[in-house]
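Novice: Just to be clear, the model below is a prediction. Sequence and coordinates:
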Amino acid sequence: MPLYENKFQAEADLVEALISNSNFISNSKIIDNAKKIIDACREAKSERTMLDAFLSEYGLSNNEGVALMCLAESVLRIPDKSTRDLMISEKLSEGNWIDHLNQADSIFVNASTWGLLLAGRMVKPSELSNNNPAKFIGNLISKSGEMPIRNAVLAAMHILSKEFVMGRDFDDVLKSQNLKENLHSFDMLGEAARTQEQAEKYFQSYFDAINSVSDINKDTGNKNGVSIKLSALYPRYETRKIERVKLHLSKKLTALIHEAMDKNVEITIDAEEQDRLSLSIEIIGDILLSDKVKDWEDIGIAVQAYGKRALDVIEWAESLLKKRSSMHIRLVKGAYWDYEIKNSQVSGHKGYSVFTKKAHTDISYLACAEKILSIEGISAKFASHNAHTIAAINEMAK
């Protein structure tokens with residue numbers, strides 16, 4: 001089966017094949033429409049969110065933007081204050097903030113730049129920070145009172161995180177203004193379960209989420225869904241323990257799906273790391289073809305286009321339609337790229353299981369979209385912020 005054989009395909013050969021079999025590369029309408037989307041976004045400055053304003057000034061093309069993104073991704077998840085302070089100190093001292101003074105259209109961003117500049121100078125690492133981090137943090141705290149820098153950074157990260165995270169719980173979600181206007185697939189933010197206790201907690205969280213989303217659906221008239229991460233339901237989700245994993249994980253996943261069926265809540269099974277793909281396919285396939293689930297239409301999977309086997313997964317999903325009427329596929333670019341690259345290097349693999357260049361992932365995404373749209377019985381769901389990707393899919397779907 002190609003799914004097992006094509007994990008480390010030669011990237012150049014695969015990309016060449018994707019391009020030669022596609023119909024989207026030379027379509028001038030796609031390029032024209034992508035430009036229109038970009039121009040419309042640039043002209044709608046008054047509608048920009050705080051995050052948009054920040055990214056306009058601090059993109060990922062400069063050290064300052066990378067430092068801020070590192071903070072946004074990590075600082076809220078660091079549990080102890082001393083490690084958090086060292087992280088803030090390191091990232092703020094890396095930036096040349098003065099280059100950004102008064103360069104943005106947003107007053108908020110310009111004011112933030114002043115704060116970053118002053119904070120960066122206050123926490124500039126000294127020799128003491130390298131030789132004695134604990135004493136450095138102690139001196140820093142005494143120099144700045146009750147650590148206003150830490151509090152300010154945390155407050156800023158909370159503000160920016162609201163652009164990515166809808167709410168800490170469903171009480172926050174219910175306050176959102178766009179529940180009626182848009183469909184959502186709700187996810188439990190977190191990593192894979194490391195202990196059985198964590199797995200049980202995640203299971204209960206998913207179970208509660210299904211019931212909460214059911215209530216939201218009744219209020220809004222929409223069919224929102226829940227995304228389930230398999231590795232959150234079992235702490236040893238690895239191929240070496242395949243029979244044990246299938247036994248325990250299948251029971252939990254089946255219970256959640258049956259609850260979703262009873263409550264009329266759509267389920268999407270999230271994608272995992274590439275090493276777990278074959279195991280995921282086995283478990284998902286068995287459940288999708290089970291007697292009670294095979295006739296239920298409101299279930300599907302997420303496919304990561306940066307994986308070299310993405311098209312193979314879609315073809316596998318197509319093969320399931322011989323025994324079930326329909327399902328959905330949510331196509332995404334991919335969530336674990338850094339991990340996948342490092343894992344291949346550390347493991348000494350002969351190649352990479354994901355594309356190493358963003359442009360190649362974009363090509364794969366469009367090739368996958370083209371394939372999904374051609375399959376009768378698969379409901380397509382697309383997630384992207386790339387203007388060219390959006391324009392291409394709009395053109396393909398006509």
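Specialist: Right, received. Where do you want to start?
Novice: and this protein, what are its domains?
Specialist: 50-161, 173-396 (automatic domain parsing).
Novice: what's the least confident stretch among these?
Specialist: Lowest mean pLDDT within the domains of the chain: domain 50-161, at a mean of 55.
Novice: Distance across stretch 213-228, terminal residue to terminal residue?
Specialist: This stretch, stretch 213-228, spans 13 Å end to end (Cα to Cα, to the nearest Å).
Novice: And stretch 287-296, by the same measure?
Specialist: Span of stretch 287-296 from end to end, Cα to Cα: 11 Å.
Novice: Show me what counts as buried in it.
Specialist: Ile287, Leu288, Val293, Trp296 (16 or more other Cβ atoms under 10 Å). Yep, even glycine has a C-beta here, placed from its N, CA and C like the rest.
Novice: Tabulate these in CSV, adding columns for secondary structure.
Specialist: Shown next, in CSV, are the buried residues of stretch 287-296 (DSSP: H, G, I helix; E, B strand; the rest coil):
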residue, secondary structure
Ile287, helix
Leu288, helix
Val293, coil
Trp296, coil
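Novice: residues contacting the closest residue to Tyr234 other than its chain neighbours?
Specialist: The shortest distance from Tyr234 to any residue other than its chain neighbours is 4.6 Å, reached at Leu249 (Cβ to Cβ, 6 or more residues apart in numbering). With contacts defined as Cβ atoms under 8 Å, 6 or more residues apart in numbering, Leu249 is in contact with Leu230, Leu233, Tyr234, Tyr237, Ile283.
Novice: For Lys381, see how far away Asn23 is.
Specialist: According to Cβ to Cβ, to the nearest Å, Asn23 stands 21 Å off from Lys381.
Novice: again with Leu256
Specialist: Leu256 is 19 Å from Lys381, by Cβ to Cβ.
Novice: These two - which one has more neighbours?
Specialist: The neighbour count for Leu256 versus Lys381, taken as other Cβ atoms under 10 Å, is higher for Leu256 (21 against 18).
Novice: wouldn't the more buried one be in contact with Ile228 here?
Specialist: Yes: with contact defined as Cβ atoms under 8 Å, Leu256 counts as touching Ile228 (6.2 Å).
Novice: Now for those two: what residues contact both?
Specialist: Tyr206, Ile267.
Novice: and Ile314, what does it touch?
Specialist: Ile314 neighbours (Cβ under 8 Å, 6+ apart): Val303, Ile329, Cys368, Lys371, Ile372, Ile375.
Novice: repeat that with 10 Å
Specialist: 301, 303, 305, 329, 331, 367-369, 371-372, 374-375, 378 (Cβ atoms under 10 Å, 6 or more residues apart in numbering).
Novice: ok, and the most crowded of those?
Specialist: Ala305 (26 neighbours).
Novice: just checking, that one touches Lys333?
Specialist: Yes: judged on Cβ atoms under 10 Å, Ala305 makes contact with Lys333 at a distance of 5.5 Å.
Novice: any residues in contact with both of the two?
Specialist: Phe355, Thr361, Asp362, Ser364, Tyr365, Ser384, Thr389.
Novice: Give me the neighbour count for the last one.
Specialist: So the one you mean is Thr389. 22.
Novice: For it, give me phi and psi.
Specialist: phi -60, psi -50 (degrees, to the nearest 10).
Novice: So it sits against Lys333, correct?
Specialist: Yes: taking contacts as Cβ under 10 Å, Thr389 lies within contact range of Lys333: 8.5 Å.
Novice: that older thread, would you mind writing the PyMOL command to select the buried ones in the contacts of Leu249?
Specialist: In PyMOL, a selection of the buried entries from the contacts of Leu249 looks like this (16+ other Cβ under 10 Å):
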select buried, resi 230+233+234+237+283
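Novice: Return the member of the contacts of Leu249 nearest to Glu272.
Specialist: The closest of the contacts of Leu249 to Glu272 turns out to be Leu230 (Cβ to Cβ; 6.2 Å).
Novice: Give me the distance between Cys368 and Ile329.
Specialist: 9 Å.
Novice: For the two, list the residues in contact with both.
Specialist: Common neighbours of Cys368 and Ile329 (Cβ under 10 Å, 6+ apart) are Val303, Val313, Ile314, Ala380, Phe382.
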